[in-house]
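S.K.: Turn this into a structure:
(one chain, ligands or ions: 1)
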Amino acid sequence: MSAPVVEGQPLAPGAVLGIIGGGQLARMIALAAADLGIASHIFAPEPENPAFDVAAAKTVAPYEDEAALARFAEAVDVVTYEFENVPAATAAFLAARKPLHPGAHALAVTQDRLSEKRFVSEQGLTVAPFRAVDSLADLEAAVAALGRPCVLKTRRFGYDGKGQVKILAGTDLADAYEAIGRQPAVLEGFVSFAREVSVVAARGTDGSFAAFDLCENEHRDHILAFTRIPAQVTAGTEASAIEAARRIGAALGYVGVFAVEMFIVGEGASESVVVNEIAPRVHNSGHWTSEGAQTSQFHQHVRAVCGFPLGSAARRGRVEMENLIGDAALRWRELLAEPGAHLHLYGKREARAGRKMGHVTRVWPEQG
Ligand code: AMP
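M.R.: Next comes the predicted model:
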């Protein structure tokens, strides 16, 4: 039963969720919202978008268009977003009108790799050694301090390996600085990791916390290719990784689903966790939860941002998620014929190389 939404009252089914950004993450959030009787209104600048096919309403306008943002805010009850590069002014404009979850603080900290690394170390968690780089002279000093190999990353707008360059023994530093566009950057010491993992977790408006099991991620060409659960780490390592995410969520006053990408250094009894980055949104390494967990990350996100109780994050078996990148999506017929494979396609018209077109999840009963 839907009830009318009253200003200042908790939300109920029948409410309208505003989503900034119209890609596959917004699409999957909107599908989950619909399951809970919540209609979605997408705000995005592109005239065509994966999320438009499944949303009740859309606004096509630039993120800086205040008149369009004001109309959007008027039409929705709560606002969330699918990507961390929402301009700060857009977030502030919306937050002044409707609840914005996750909030502007979480966005500001995680949009900038330097502030994010400082914040994570302030929580007593380990990050790769790092230095701020604002000039070629800074870069030379930072490389001298951290040694080679190391990784130079832009402070803002990096994803899937974009905006970063590895500095090896023979790398010319002026070329490396040029390669990232001479932007404000961070130099990180190279972490010789054994595994890449992530914690996908949710925090509710009441501070409740629910983490999915630790995911192990395999990247190819800097893009996530596979996620497998359980991760091949000790129970103690998994517990420390989840505790790191809990601490980060609490310190940010976070509401919604987020992911913390981490490196595992060492094996077995000598394993340790190094935090790489925080994504203030649902995350590709959480896609397995749609069939592999009691509550999907998308349903969990809608529950959290609407102030509803969080669902169980318990896992349903051994799970694998395979991303379908570029032409891999042409395998759709074969994947549909595979018993037990769950195919998700994002409705993108054109399969460009490196473009995430869909994913498949496979769940097997766990032995034992
Ligand atoms: P990021 O954009 O920070 O998620 O980095 C993309 C990928 O680059 C990571 O998934 C790692 O495989 C690799 N990488 C990033 N930073 C480091 C580092 N400090 N040491 C080793 N590998 C790294």
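S.K.: what does the stretch 251-368 of the chain put close to the ligand?
M.R.: 261, 276-277 (CB under 6 Å from any ligand atom). Yep, even glycine has a C-beta here, placed from its N, CA and C like the rest.
S.K.: out of the residues you listed, which are inside strands?
M.R.: 261, 276-277 (DSSP state E).
S.K.: Just the buried ones among those residues, please.
M.R.: 261, 276-277 (16 or more other CB atoms under 10 Å).
S.K.: So which residues of the stretch 251-368 of the chain form helices?
M.R.: Ranges of helices in the stretch 251-368 of the chain, per DSSP state H, counting those that start in this stretch, are 289-292, 297-305, 332-337.
S.K.: who's in contact with the residue lying closest to residue 61 once chain neighbours are set aside?
M.R.: The shortest distance from residue 61 to any non-neighbouring residue, by CB to CB, 6 or more residues apart in numbering, is to residue 68 (3.5 Å). Residues near residue 68 by CB atoms under 8 Å, 6 or more residues apart in numbering: 43, 59, 61-62.
S.K.: okay, these in JSON lines with pLDDT, secondary structure and neighbour count next?
M.R.: Below are the contacts of residue 68 laid out as JSON lines (pLDDT from 0 to 100; DSSP: H, G, I helix; E, B strand; the rest coil; neighbours: other CB atoms under 10 Å):
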{"residue": "43", "pLDDT": "98", "secondary structure": "strand", "neighbour count": "30"}
{"residue": "59", "pLDDT": "98", "secondary structure": "strand", "neighbour count": "19"}
{"residue": "61", "pLDDT": "98", "secondary structure": "coil", "neighbour count": "16"}
{"residue": "62", "pLDDT": "98", "secondary structure": "coil", "neighbour count": "12"}
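S.K.: ok, so of those residues, who is nearest residue 36?
M.R.: residue 43 (20.1 Å; CB to CB).
S.K.: any idea how far the ligand is from that closest one?
M.R.: 26 Å (CB to the nearest ligand atom, to the nearest Å).
S.K.: now residue 351
M.R.: Residue 351 is 23 Å from the ligand, by CB to the nearest ligand atom.
S.K.: I figured that residue was touching residue 345, is that so?
M.R.: No: taking contacts as CB atoms under 8 Å, residue 351 lies outside contact range of residue 345: 10.5 Å.
S.K.: Which neighbours do these two have in common?
M.R.: By CB under 8 Å, 6+ apart, the residues touching both residue 351 and residue 345 are 329, 357.
S.K.: Enumerate the residues of the stretch 1-150 of the chain near the ligand.
M.R.: residue 128.
S.K.: what about the residue nearest to residue 61, helix or strand, and which?
M.R.: helix 66-75 (DSSP states H and E).
S.K.: buried residues in that helix?
M.R.: 68-69, 72-73.
S.K.: Then stretch 360-368?
M.R.: 360-363.
S.K.: who touches that stretch?
M.R.: Contacts for stretch 360-368 (CB under 8 Å, 6+ apart): 287-288, 290-292, 316-322, 324, 335, 340-344.
S.K.: same check, this time on stretch 110-121
M.R.: 84-85, 88, 108-109, 127, 130, 132, 153-156, 158, 184, 186, 248, 251-252, 275, 277-280.
S.K.: Restricting to C-alpha, output that stretch in PDB.
M.R.: C-alpha atoms of stretch 110-121 as PDB (Å, rounded to 0.1, in the frame of the first residue of the first chain):
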ATOM      1  CA  THR A 110      36.000  10.500  -1.700                       C
ATOM      2  CA  GLN A 111      36.100  12.700  -4.800                       C
ATOM      3  CA  ASP A 112      39.700  13.600  -4.100                       C
ATOM      4  CA  ARG A 113      42.300  10.900  -3.700                       C
ATOM      5  CA  LEU A 114      44.500  13.000  -1.500                       C
ATOM      6  CA  SER A 115      41.800  13.900   1.000                       C
ATOM      7  CA  GLU A 116      40.600  10.300   0.900                       C
ATOM      8  CA  LYS A 117      44.000   8.900   1.700                       C
ATOM      9  CA  ARG A 118      44.500  11.400   4.500                       C
ATOM     10  CA  PHE A 119      41.000  10.500   5.900                       C
ATOM     11  CA  VAL A 120      41.600   6.700   5.700                       C
ATOM     12  CA  SER A 121      44.900   7.000   7.500                       C
END
